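In: Mind folding the following:
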Amino acid sequence: MKNILDPAISTPLYIQLAELFRELILSDKLQFGDRFPAEMDLAEEYGVSRITVRKAIEDLVNDGILARRQGKGTFVSKPKIDRGLVNVTSFTDRMQARGMIAGARSMGVKVTPAPLKMALLLGVQENSEIAEIQRLRLINDEPVSMETSYLSVERCPGIQHENLVDQSLYQILDEKYGLRPAYSSKTLELVYASPSESKLLNIVKGSSLFLMTALVYSERRQVMEYVKIVSRGDRFRFQM
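Out: Sure thing, here's the model as predicted:
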């Protein structure tokens, strides 16, 4: 585990040490759930003070790479998944680009009359038919987010009968209905997991969640989808 620190350069020792630890973890020499060595052992191995080691570890805890467990020590965390706030690519494409296996579990599809607020968002007549599609998103078989999409049935007739578990919604919208996402308008806020959300996402009730809502526009500059996504705060971070 040992590597050489250079006190002669301007970079503080704790930052040098944090980078060494980061490289060690990202190189898969330590796996998720492994216990990280004790501060005293690391201080002795690298010839630095425990304060220097503690500051290096705190950097990695703040980045979500390590996690402290009260009375048990410090452990390697699961890496957080980066999501952009401006992209309009499908969830499947984004995760596959990161080498992850994306999956989905249907939580129901229903067709209902559009209430006034939803009609205004989608640009359709009040009480016209809209499809509400709810899916639980998985990464490597782990539930990470819940997604509810609202679509106009008039623009996407039969969408409620499509296989939305094994196929990308955006791929279906593109290939079958000629609707290709071009840009979106999004909001992001912090919320806390309800009992039902905590059960579905396998987290503790009251855990932090990101709530993103978005209006997705097609290349025709027409709203093609309104979507609400709640994502686990311990598994995602957003890039701006």
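
In: Flag the shaky bits of this protein, pLDDT-wise.
Out: Scanning the chain for pLDDT under 70 picks out the ranges 1-3, 28, 79-100, 240.

In: Please verify my assumption that Tyr46 contacts Ala56.
Out: No: proximity of Tyr46 to Ala56 does not meet the contact threshold set by CB atoms under 8 Å, at 9.3 Å. (Glycine included, C-beta is placed from N, CA and C.)

In: which residues do these two both contact?
Out: Taking CB atoms under 8 Å, 6 or more residues apart in numbering as the criterion, Tyr46 and Ala56 both touch Leu17.

In: ok, these two, which is more surrounded?
Out: For the pair Tyr46 and Ala56, the greater number of neighbours falls to Ala56 (26 against 20), based on other CB atoms under 10 Å.

In: list the contacts for the more buried one?
Out: Tyr14, Ile15, Leu17, Ala18, Phe21.

In: Mind telling me what element it is part of?
Out: In this assignment (DSSP states H and E), Ala56 forms part of helix 50-62.

In: what's downstream of that helix, the next helix or strand?
Out: The element immediately downstream of helix 50-62 (helix or strand, assigned by DSSP H and E) is strand 66-69.

In: can you map out the helices along the chain?
Out: Secondary structure of the chain (DSSP state H): helices located at 13-26, 39-46, 50-62, 91-97, 116-122, 169-177, 195-201.

In: mind checking which of these is nearest Gly108?
Out: helix 195-201 (12.2 Å; CB to CB).

In: Please report how far Ser149 lies from Ser194.
Out: To Ser194, Ser149 is 20 Å away according to CB to CB, to the nearest Å.

In: how close does Gln222 get to Ala18?
Out: Plainly put, Gln222 is 48 Å away from Ala18 if you go by CB to CB.

In: Pick out whichever of the two has more residues nearby.
Out: Under the neighbour definition other CB under 10 Å, Gln222 and Ala18 were set side by side, and Ala18 has more, 23 against 13.

In: Who are the contact partners of that one?
Out: Here Ala18 is in contact with Lys55, Ala56, Ile57, Asp59, Leu60 (CB under 8 Å, 6+ apart).

In: So which of those residues is surrounded by the most neighbours?
Out: When neighbours are counted as other CB under 10 Å, the busiest of these turns out to be Ala56, with 26 neighbours.

In: Return the distance of Arg155 relative to Tyr177.
Out: As defined by CB to CB, Arg155 lies at a distance of 7 Å from Tyr177.

In: quick one, which of the two is more surrounded?
Out: A count of neighbours by other CB under 10 Å puts Arg155 above the other of Arg155 and Tyr177, at 22 against 16.

In: For that one, which residues are in contact?
Out: Per CB under 8 Å, 6+ apart, neighbours of Arg155: Tyr177, Leu179, Met224.

In: just to revisit the earlier point, can you tell me which of the contacts of Ala18 is closest to Asp41?
Out: Ile57 (12.2 Å).

In: List the residues that contact that closest one.
Out: With contacts defined as CB under 8 Å, 6+ apart, Ile57 is in contact with Ala18, Phe21, Phe36, Glu39, Leu66, Thr74.

In: The second one reaches Leu60, doesn't it?
Out: Yes: Phe21 is within contact range of Leu60, at 5.9 Å (criterion: CB under 8 Å).

In: Would you mark the buried spots in stretch 214-224?
Out: Of the residues in stretch 214-224, those buried by neighbour count under the rule 16 or more other CB atoms under 10 Å are Ala214, Leu215, Val216, Tyr217, Ser218, Val223, Met224.

In: then that stretch to PDB, C-alphas only?
Out: Once non-C-alpha atoms are left out, stretch 214-224 reads as follows in PDB (Å, rounded to 0.1, in the frame of the first residue of the first chain):
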ATOM      1  CA  ALA A 214     -38.400  17.700 -16.400                       C
ATOM      2  CA  LEU A 215     -40.200  18.800 -19.500                       C
ATOM      3  CA  VAL A 216     -38.600  17.000 -22.400                       C
ATOM      4  CA  TYR A 217     -39.000  18.600 -25.800                       C
ATOM      5  CA  SER A 218     -38.800  16.900 -29.200                       C
ATOM      6  CA  GLU A 219     -36.900  18.100 -32.200                       C
ATOM      7  CA  ARG A 220     -40.300  19.700 -33.300                       C
ATOM      8  CA  ARG A 221     -40.000  21.900 -30.200                       C
ATOM      9  CA  GLN A 222     -43.100  20.200 -28.800                       C
ATOM     10  CA  VAL A 223     -43.300  18.700 -25.200                       C
ATOM     11  CA  MET A 224     -43.000  15.000 -25.600                       C
END
